[in-house]
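Visitor: Structure for this input, please:
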Amino acid sequence: MTDEDRGERINRELLELLNELRVALPGVQVLLAFLLIVPFQEGFSRLDAGDRRVYFTAVVLTVLSSALFMAPTAHHRMLFRKRTKEAMVKAANVFALVGAFLLALALAATVYVITSVVYGDGPAVWWAGGLGGFMALLWFVVPLLFPTRAEDGDGPALDRSAGAADDRKGARSG
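Guide: So this is what the prediction gives:
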């Protein structure tokens, strides 16, 4: 059994989520910065109408992903001390998952545009689809393959076997 009460668990979950978003957000910001300067480059005029649509889609998906990743921080500030932390953590979890999904789409669209310019539309479809599929598998399917137990929450005490309990007792006293 964990020593964490409900409030401590919610605080830990919020901190974990915000830390995860701090890792993801710089990548989204770099992608957005790259995408925002592309139209001002000399070669942008060579993109055909289809590539421009895919490019613009990548920009919009990246902006939406960025907004979703930043929303939990804004919500935390807006709702500070209003006793809504548990609902906020649940909503932020959804925002993070949807933001990651949109980021995967944005990355695939960006790969499509770059590959289309360098190698043509045929390879662009394969590379964008393949890398998009890889991200979907890695980010959304692989986690579903991890074994879970209903009693495990997501807290620090994951292994409830006698040996693990003895190890924790020894760690506390040592």
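Visitor: So which residue is dead centre in the chain?
Guide: residue 100 (3.6 Å; CA atoms, centre = their mean).
Visitor: Quick check: chain neighbours aside, which residue is closest to it?
Guide: Using CB to CB, 6 or more residues apart in numbering and skipping the chain neighbours, the partner closest in space to residue 100 is residue 139 (5.7 Å). Any C-beta I mention is one placed from the backbone N, CA and C, and that applies to glycine too.
Visitor: Kindly report the same for residue 111.
Guide: residue 128 (4.7 Å).
Visitor: mean confidence score for the helix or strand the one you found falls within?
Guide: Assigned by DSSP states H and E, residue 128 belongs to helix 121-136. For helix 121-136, mean pLDDT is 96.
Visitor: And for that helix, what's in contact with it?
Guide: Helix 121-136 is contacted from outside by 50, 104-105, 107-109, 111-113, 115-116, using CB atoms under 8 Å, 6 or more residues apart in numbering.
Visitor: Flag every buried residue along the helix or strand containing the residue nearest to the centre of the chain.
Guide: Using DSSP H and E, residue 100 sits in helix 85-119. For helix 85-119, the neighbour count (16 or more other CB atoms under 10 Å) marks 85, 88-89, 92, 95-96, 99-117 as buried.
Visitor: any idea how far residue 37 is from residue 4?
Guide: To residue 4, residue 37 is 46 Å away according to CB to CB, to the nearest Å.
Visitor: follow-up on the earlier one: by how many degrees do the helix holding residue 128 and helix 85-119 diverge?
Guide: 160 degrees (axes from the mean of the first three to the mean of the last three CA atoms, to 10 degrees).
Visitor: CA atoms only for helix 121-136, dumped as PDB, please.
Guide: The C-alpha coordinates for helix 121-136 follow below in PDB (Å, rounded to 0.1, in the frame of the first residue of the first chain):
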ATOM      1  CA  ASP A 121       5.200  13.000 -54.200                       C
ATOM      2  CA  GLY A 122       5.500   9.200 -54.500                       C
ATOM      3  CA  PRO A 123       8.300   8.800 -51.900                       C
ATOM      4  CA  ALA A 124       6.700  11.600 -49.800                       C
ATOM      5  CA  VAL A 125       3.600   9.600 -49.300                       C
ATOM      6  CA  TRP A 126       5.500   6.500 -48.200                       C
ATOM      7  CA  TRP A 127       7.900   8.300 -45.900                       C
ATOM      8  CA  ALA A 128       5.200  10.500 -44.300                       C
ATOM      9  CA  GLY A 129       2.900   7.500 -43.900                       C
ATOM     10  CA  GLY A 130       5.600   5.200 -42.600                       C
ATOM     11  CA  LEU A 131       7.000   7.700 -40.000                       C
ATOM     12  CA  GLY A 132       3.400   8.800 -39.000                       C
ATOM     13  CA  GLY A 133       2.500   5.100 -38.500                       C
ATOM     14  CA  PHE A 134       5.700   4.500 -36.500                       C
ATOM     15  CA  MET A 135       4.900   7.500 -34.200                       C
ATOM     16  CA  ALA A 136       1.400   6.200 -33.700                       C
END
